[in-house]
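Undergrad: Would you be able to build a 3D model of this:
(2 chains)
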Amino acid sequence: MSHHDDDLHGLLAEYETPSALVAACKKVRDAGYAKWDTFTPFPIHGIEKAMGIRMTGLPWIVLAAALVGLASAVGLQWWTNAVDYKFISSGKPMWSIPANVPVYFELTVLFSAFAALFGMLILNNLPQPSHPLDHLQAFGRVTDDRFFLYIEKGDAKFDLAETQRLLDGTHPVTVDAVNEDRRTSDQLPKPLVLTAAVIAVLALVPFAFIAKARATKTDKPKIHAMGDMDWQIKFQAQQPNPLFQDGMAMRAPEPGTVALDEHPDDEHLTAGKVDGQFVRTFPAGFKVDEATMARGKERYEIFCAPCHGMSGNGDGPVAQRAMTLAEGTWVPPTALGQDYLRQMAVGQLYDVVTNGVRNMPAYGSQLAVDDRWAVVLYLRALQKAKAAPVGELTDAERAALK
Amino acid sequence: MAKTKETAKEGGFGDNIRMDGLATKLMGIAGGIGVIGLGASFGLGYTSDKSQFMHSYLTAYAWILSIGLGALWWVVLQHLVNAKWSTVVRRVGELLASTMPVLALLSLPIVIPALMGDSTLYIWADSQKMHADHLLHKKAAFLNRDFFVVRLVIYFVFWGVLSRYLLSKSVEQDKTGAPEIRSKLQGLCAPSMILLALTLTFAAIDFVMTLEPKWYSTIFGVYYFAGAVVSFHSFFALALMWLQKNGRLAKSVTSEHYHDIGKMMFAFTAFWAYIAFSQFMLIWYANIPEETEWYHVRAHGAWGTVSYLMVAVNFLIPFFGLLSRHVKRNRMALGFWAVWILVVHWLDMFWLVKPHMHTEHLPFSILDVTCTVGMLGLFIAAAAFASQKVNLVPIKDPRLEKSLAFENF
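TA: Prediction:
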């Protein structure tokens, strides 16, 4: 086969059997070549040893990516939940490990999988859109029944006569000189570039909509992406319901129904009143101790603190956000340390927790009777902390304040 | 190469694959340790604290049963997926699975007191206590002595017959070389796998979960299974190393096979953690009192320390320890992690069972050692007994050649 040296890309040897190829590999490996490869219709056991392929460093890349994924997940969850957008939900801690483990797991696996796939591609110099061997008619049998060994001219040890002799000595069917690929353009195909450009532009569209939504105001109702969830086929509390004779969807309990642990006769306990007057004492049997105070504090921080604030100054995160948005309709939550509230009967405070007042909703349905009293108790403690007379402090406390 | 007389007898397999005198020796030593260990346990137990004995015994039993069930599961799996890498080591797995009759006998000190109405372990053994409590009363249709025995008989008959059948068919193939045995066992193992999953799940519920009959976790069987698989592979690796050290299978079993066993140890360490955490997180998140009660005990005081320790010793440490392929291919390193896993899996069983005995402190006792060592001795003796007259390799299995030449990429 005649050719110009400039045009030569490498030498291709063709074999009839896998074992012939493996034997040839050992010779080429021992001759010290580096830029060469084999091509077979199916994986051949032991060929990586015959080719002298070293252990890949891919596992280290994957391990590093896994640790980065884990760290990213911890960072993401911590930043979003405990720093950037604090939101009290059912009194759960802002930041807890167990709730976020699924995210750690997912991101660790995701980063590892991407590192494994893309690392493998990069280490193998893939993707390779074209190769000089593609144009060789005989090479087509590589997907069928022939086994090939290819040494590139770029190899430091490559010498046309010497390499030819080496390959001839490995009992090939033929040894072909392969020319540089002068036919395939260096440019990407036009349709491919066009498609990629269109996809890239389309991919920006959702972001454009998001940007528009953030920058403009609208008085149209929100888009309902999940109609079935927003409009469920069910009767809601205040809707009419033709199935019942009285036409109401919301059903009242049977007359005389008493819930577990309910004491309908003890008005002091359940309503905070005696003979229509708010009581000034805690109910009989209500224990004022450390445990009740702790319970009251816990309930307060779940149900009251979002608006009234942890110290009762009316500066909870909901209030702060409302002030930031400056919507004008916002009625700030009451600061709980004010004088008139310090004078207020415990029965009335209990009544406010139970039934709500002005803008404040009723918490009777969410807090049990004992818990409401515990909240009132804790509220008293908060008030006292704000206006404790010096005379009631211990010497140590007074010393600490100086 | 000098051929031993055993290899000549087996048509020149080229490796020593008969136990011969070694089986008798092993039966004597392991069986002796087993009898002494259990004898000491019974002696100590019935002269001192009954509750301590019962709980220590159950801890050890849950541990040894998991290894036996892990073996049976493994053999069924190899047939089911037509595995080729494992053919050379499958017979050893079959022998370990054939310990089921001994495991059934070992359950008697748990079963008999329950049948006699002793509620030291299981409150449901006392029907009066059961019907005094509304919730337990509702569960009495399942949790009663008669049905308990019926279930146990079903489990052990199924496990015993299945393991015996798989071994005998495999041994039959050694003689006849009939290739159709392969496909026949593969077909059998599909339904067997389903039944094994069900029986293992219910056995885990019966022996361990019903200690606290008001508590329930639907993933509990899977949790026990994860521990069973990881500890079986550890035991398996150690058994093969011991055999090779004694000149058996010295040439046939290579680093490639250990590498695969190591992969299973690694994978199921991660799987155990996945299941353990899934169980915990769902209960933690939902925060329903009847479910959290179980974790509440294990999250505070000394048991809380054990729980945190478990995260480290059962998952984090062996996970990174077994991560590298070099560790899995190195017998010393793999052996170390195999022993580690067997110990921490025992701790896992301790963590499942013992809070039922003491919620405040950790009731470690000499009985834990004697029961565990005793059962381990009898378990090994039972496997040695089964190994007396069989080859350690299924020499005429059509997949054997591929298994011997097996290489990991």
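Undergrad: Now do residue B:140: how many residues are near it, please.
TA: Using other C-beta atoms under 10 Å in any protein chain shown, the number of residues around residue B:140 comes to 15. Where C-beta positions appear, they are placed from N, C-alpha and C, glycine not excepted.
Undergrad: residues touching the closest residue to it other than its chain neighbours, list them.
TA: When the adjacent residues along the chain are set aside, residue B:140 lies closest to residue B:130, with 4.8 Å between them (C-beta to C-beta, 6 or more residues apart in numbering or on different chains). Applying C-beta atoms under 8 Å, 6 or more residues apart in numbering or on different chains, one finds that residue B:130 lies in contact with B:123, B:124, B:136, B:137, B:139, B:140, B:143, B:144.
Undergrad: let's see 10 Å
TA: Contacts for residue B:130 (C-beta atoms under 10 Å, 6 or more residues apart in numbering or on different chains) come out as B:119, B:122, B:123, B:124, B:136, B:137, B:138, B:139, B:140, B:143, B:144, B:213.
Undergrad: Now the buried members of those residues.
TA: Burial by neighbour count, 16 or more other C-beta atoms under 10 Å in any protein chain shown: within the contacts of residue B:130 this picks out B:122, B:123, B:124, B:136, B:139, B:143, B:213.
Undergrad: Tell me how far the fourth one lies from chain A.
TA: This points to residue B:136. From residue B:136 over to chain A the distance is 20 Å, taken as C-beta to the nearest C-beta, to the nearest Å.
Undergrad: any idea of the mean pLDDT in the one helix or strand that residue maps to?
TA: Element membership of residue B:136, judged by DSSP states H and E, is helix B:134-139. Mean pLDDT, taken over the full extent of helix B:134-139, equals 92.
Undergrad: ok, then the element right after it?
TA: Next element after helix B:134-139 (DSSP H and E): helix B:145-176.
Undergrad: Report the closest residue of the stretch 301-402 of chain A relative to chain B.
TA: Distances between the stretch 301-402 of chain A and chain B by C-beta to the nearest C-beta are smallest at residue A:302, namely 13.1 Å.
Undergrad: Identify the residues contacting the residue lying closest to that residue once chain neighbours are set aside.
TA: Sequence neighbours aside, residue A:91 is the residue nearest to residue A:302 in space, at 3.3 Å (criterion: C-beta to C-beta, 6+ apart). By C-beta under 10 Å, 6+ apart, the contact set of residue A:91 is A:298, A:299, A:301, A:302, A:303, A:305.
Undergrad: Please pick the buried ones from those.
TA: Buried members of the contacts of residue A:91, counted by 16+ other C-beta under 10 Å: A:299, A:302, A:303, A:305.
Undergrad: Make CSV from those residues and add distance to residue B:46, secondary structure and pLDDT to it.
TA: Listed next are the buried ones among the contacts of residue A:91 as CSV, based on distance: C-beta to C-beta, whole Å; DSSP: H, G, I helix; E, B strand; the rest coil; pLDDT from 0 to 100:
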residue, distance to residue B:46, secondary structure, pLDDT
A:299, 52, helix, 94
A:302, 53, helix, 91
A:303, 56, helix, 92
A:305, 59, helix, 92
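Undergrad: Quick check: the two most widely separated of those?
TA: By the measure C-beta to C-beta, A:299 and A:305 form the most distant pair in these, at 9.8 Å.
Undergrad: Could you point out which residue ranges in chain A have low pLDDT?
TA: Residue ranges of chain A with pLDDT under 70: A:1-5, A:261.
Undergrad: which SS state does the residue nearest in space to the middle of it fall under?
TA: The structure's chain A has its C-alpha centroid closest to residue A:103; by C-alpha atoms, centre = their mean the separation is 5.4 Å. Three-state call for residue A:103 (DSSP: H, G, I helix; E, B strand; the rest coil): helix.
Undergrad: now it: how far from residue A:74?
TA: The spacing between residue A:103 and residue A:74, counted by C-beta to C-beta, to the nearest Å, is 9 Å.
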